[in-house]
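sequence and computational prediction follow.
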Amino acid sequence: MVSPKTLIIARSEFMRRVTSRKFVILTLLGPLLIVAFLTVVVLIAATTIDGDSRTIALVDETGVLSTRVLALWTSDHVLVEADGSTVRQDVLDGRYDGYMLLPAEMIDDPSVRPQYFAGEGGGLNIQVQLEGRVERALEDYLLERQNVSPSVRDILDRNVNVDAVMLSSEGEEAGSTFSYSAIGYLMGMLMYITMLLYGTVVMYGAIEEKSTRVVEIIVSSVRPSELLMGKILGIGTMGLVQMLIWTLMIVAVQMFAGVVAGFFVDPAATGLAADASADDVLAAAGIRLPDISPMLIVWFLLYFLGGYLLYASIFAAVGILVESPQDAQSLMLPVILPIIVSIMFLGPVIESPQSSLAVALSMVPFTSPVLMVVRLAVTNVLWWEVLLSLALLGGGFLGSVWLSARIYRTGLLMYGKKINLLDVVRWFRYS
Amino acid sequence: MALLKLENATKRYGKLTAANQVSFEAHPGRILGFLGPNGAGKTTTIRMIAHITAPDEGNIFFDGRPVGAWSQQQMGYLPEERGLYKKLKVGDQLRYLAQLKGVSAADSKSRISYWLDRMGLTDWAGAKTQDLSKGMQQKMQFIATVLAEPRLVILDEPFSGLDPVNSELLRTIIAELKDEGRTILFASHRMEQVEQLCDDICLVAKGRVVLTGTLREVKRRYSRDKLALEFEGGSDIVSQITASAGVKLLEHKNDCCVLQLSPQVDAMAILDQLRADPNRKLLRFELLEPTLTEIFIKTVDDTA
């Protein structure tokens, strides 16, 4: 599969990319972009869509809850008590953004529910906040009415948090599940981003060769499959080099993060010795960088290789079927669907990495690059599972390259006609 | 012996037969004009020769063996639809394309500098390909075609888009390649260029070969049925001649005219008629050889 000509092509594809200005900029800015992307995701998840503060009226028909609710109220939104007879008009006039009605019967009849009337745009967040406070106020009132001692209230307030410890043959490994989940997410997202990123580079390369018509000269010298493999290998090598640089950058950041934190954290204030190590400083500042085991990085690279080869060969086939990136859109969807599915199952797999669904998804070649790496990050995976999954991925890759090479051969000289999936199926029936 | 030999090469795309039992030969040291209207199957046939596609039926031999990856190394192909990597530098691109044809780094270096110089592109070696004008890119692509010193040079419409100066340069170079003993397949629908350059012709229409042979032989096959005349005095003779059966006036300007003669007309009788008036001075009396354009149109019409 790898002939001398394939290597010539791979080398040229690699060199012309790593010497481009785009590569240098992306390599340097890539980690920043990823961090920025993840930060935005986290921020969006953390903040509500409500945005600015709203004023909510509280109409209390029970006569006993409003003071408690108001006392419990801690929110960006303003809660004020209002008169039930005029409140509806006040909301419509825009004086309030909404109002909460606490019916008198709700005290003794659990089937009677309080009602929240929103002006324009409900805002789930406000409703959740109101619900929590009213529930608490009602509980407090009912407990007090029964003359229950405050110590019972404390008992009800008890909360249990589980500390997770990962048990492996090498011994116990302490750490919060949060930390493992974070690494799992990180690895999964990183795999997703890199496979898509480099796969798309391959696709654009194929589109360029076809749209500039240079492909006809190339295939008068080499076989289409050699061109396909050379392109995939060259760009894959570029990807590995880029990720190696990124890894080194992360290691450097880890080494210097403590030093940098030292500027902001006063050792005296945290009770540390002046010559405390960087790790100590970080720990004292409450910053804990997740430990990523070297073995996990090896697995990541192996699965990246397999997953990239699988997807890149398909991306290349898509690229050779079209003459412009716009035309590629409709053909792209079926290709990236499995990657999106992988991301959809990221949460469930992290949640229960040993479930039969998680195991199955980590075997299927299209989803295993993302999801097996996630499993490896959060749990102990049996060695034969990894081997089987890698073997299946390798098989999937060989199959997709074979298929793509045939599509490549037929597609590279087809111009002027928009090709859809049905046409591709038809080619295989003919040949 | 023929370097290139096609035997009933046939290629189908669905219901369309793009090349139908195409057979012809090309010989070293000769230029074969591969002619045909647009859509006649020229490019399809060339792609089979270049081993880009394979014939559904029939055989293509290069140097007596079926074509394959091995023969690609000995062919240079300039496709009609030109294309190069836009962002690669001129020198890098030529080196890459030469490498793919199996040329060593050392060889490609000296050959590239020779050809860049020959084509007047030396100053552009370090420029990005997209910064070159269309004509320069075309010359660059021609260099890529001949860098590996191929035994068979396939040129599909090599003159399109070139100005007269560069056309002349290319014509000289093609003649040199021929003198070096290379086989040249020159595909075109521009008859006057083919007529100037080619030794042999192969005419295709609707996927079939309709005419092959040396240029001279093909022309001889078509009778000289046109008569060109030039004289001084007594131009009324023209109407007299054209009044007789089987003579048609094609052109008439002052004292010159071209006549189309039916096979039964005796040209010598017309000569006698012209000489009958002593006041008339005959300057030209020539039975014209058919031009390739005429042969082309006639043959294609016949097959239609």
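On my side now, so go ahead.

can you count the residues close to the residue of chain B found nearest chain A?
Of the residues in chain B, the one nearest chain A is residue B:83, at a distance of 3.0 Å by CB to the nearest CB. Any C-beta I mention is one placed from the backbone N, CA and C, and that applies to glycine too. Residue B:83: 19 surrounding residues under other CB atoms under 10 Å in any protein chain shown.

now do residue B:69
Around residue B:69 there are 13 residues (other CB under 10 Å).

swap in residue A:55?
Neighbour tally, residue A:55, other CB under 10 Å: 17.

what sits against it?
A:77, A:78, A:79, A:80, A:95, A:96, A:97 (CB atoms under 8 Å, 6 or more residues apart in numbering or on different chains).

list the beta-bridge partners for it.
residue A:78 (DSSP bridges).

tell me, what's the model's pLDDT at it?
Looking at residue A:55, its pLDDT reads 84.

now do whichever helix or strand residue A:187 is part of: which elements does it pack against?
Residue A:187 belongs to helix A:177-211 when assigned by DSSP states H and E. Here helix A:177-211 touches helix A:21-46, helix A:224-264, helix A:294-321, helix A:325-344, helix A:346-351, helix A:368-378, going by 3 or more CB pairs under 8 Å, 6 or more residues apart in numbering or on different chains; DSSP states H and E.

and the angle for it with helix A:294-321?
Angle, helix A:177-211 to helix A:294-321, by axes from the mean of the first three to the mean of the last three CA atoms, to 10 degrees: 30 degrees.

pLDDT of helix A:177-211, averaged?
Throughout helix A:177-211, pLDDT has a mean value of 85.

got it, and stretch B:94-102?
For stretch B:94-102, the per-residue pLDDT averages 94.

got the contact list for the helix or strand containing residue B:293?
Residue B:293 is part of helix B:292-303 when elements are defined by DSSP H and E. Helix B:292-303 is contacted by residues B:35, B:37, B:191-192, B:194-195, B:201, B:203, B:205-206, B:208, B:210-211, B:215, B:218-219, B:222, B:290 when judged by CB under 8 Å, 6+ apart.

let's see 7 Å
If you take CB atoms under 7 Å, 6 or more residues apart in numbering or on different chains as the criterion, helix B:292-303 is touched by B:35, B:37, B:191, B:194, B:195, B:203, B:205, B:206, B:210, B:211, B:218, B:222.

farthest-separated two in those residues?
The most widely separated members of the contacts of helix B:292-303 are B:195 and B:206, with 22.6 Å between them, by CB to CB.

rewinding a little: between helix A:224-264 and the helix holding residue A:187, find me the angle.
Using the same axes, to 10 degrees: helix A:177-211 against helix A:224-264 is 140 degrees.

just give me how far helix A:177-211 sits from the chain centre.
11 Å (CA atoms, centre = their mean, to the nearest Å).

which is the succeeding secondary structure element to it?
Next element after helix A:177-211 (DSSP H and E): helix A:214-218.

quick one, grab the pLDDT at the residue of chain B closest to chain A.
89.

can I get the helix holding residue B:293 as PDB, trimmed to CA atoms?
Taking C-alpha atoms only, helix B:292-303 is exported to PDB below (Å, rounded to 0.1, in the frame of the first residue of the first chain):
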ATOM      1  CA  LEU B 292      -6.800  19.100 -44.400                       C
ATOM      2  CA  THR B 293      -9.800  21.200 -43.200                       C
ATOM      3  CA  GLU B 294     -11.700  20.200 -46.300                       C
ATOM      4  CA  ILE B 295     -10.800  16.600 -45.900                       C
ATOM      5  CA  PHE B 296     -11.700  16.800 -42.200                       C
ATOM      6  CA  ILE B 297     -15.100  18.400 -42.900                       C
ATOM      7  CA  LYS B 298     -15.800  16.000 -45.800                       C
ATOM      8  CA  THR B 299     -14.900  12.900 -43.800                       C
ATOM      9  CA  VAL B 300     -16.800  13.900 -40.700                       C
ATOM     10  CA  ASP B 301     -19.800  14.800 -42.800                       C
ATOM     11  CA  ASP B 302     -19.600  11.400 -44.500                       C
ATOM     12  CA  THR B 303     -19.600   9.600 -41.200                       C
END
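
which parts of that helix are buried?
By neighbour count on 16 or more other CB atoms under 10 Å in any protein chain shown, the buried set for helix B:292-303 is B:292, B:294, B:295, B:296, B:299, B:300.

how long is stretch A:207-221 end to end?
With CA to CA, to the nearest Å applied, stretch A:207-221 spans 19 Å between its terminal residues.

cool, and stretch A:339-355?
Per CA to CA, stretch A:339-355 runs 20 Å from first to last residue.

show residues contacting that stretch.
Under CB under 7 Å, 6+ apart, the answer for stretch A:339-355 is A:181, A:184-185, A:188, A:192, A:195-196, A:358, A:361, A:367, A:370-371, A:374-375, A:378-379.

and it, what's its mean pLDDT?
So the average pLDDT for stretch A:339-355 ends up being 87.

quick one: that stretch to chain centroid distance?
11 Å.

would you mind measuring from the most centrally placed residue in chain A to residue A:195?
By CA atoms, centre = their mean, chain A has its centre lying nearest to residue A:189, at 4.6 Å. Going from residue A:189 to residue A:195 by CB to CB, to the nearest Å gives 11 Å.

and for residue A:141?
56 Å.

so which of those two has more stuff around it?
residue A:195 (26 against 16).

mind listing what the more buried one touches?
A:307, A:308, A:311, A:339, A:369.

tabulate those (a markdown table), appending neighbour count and distance to residue B:52.
Below are these laid out as a markdown table (neighbours: other CB atoms under 10 Å in any protein chain shown; distance: CB to CB, whole Å):
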| residue | neighbour count | distance to residue B:52 |
| --- | --- | --- |
| A:307 | 29 | 32 |
| A:308 | 26 | 29 |
| A:311 | 27 | 27 |
| A:339 | 21 | 33 |
| A:369 | 31 | 34 |
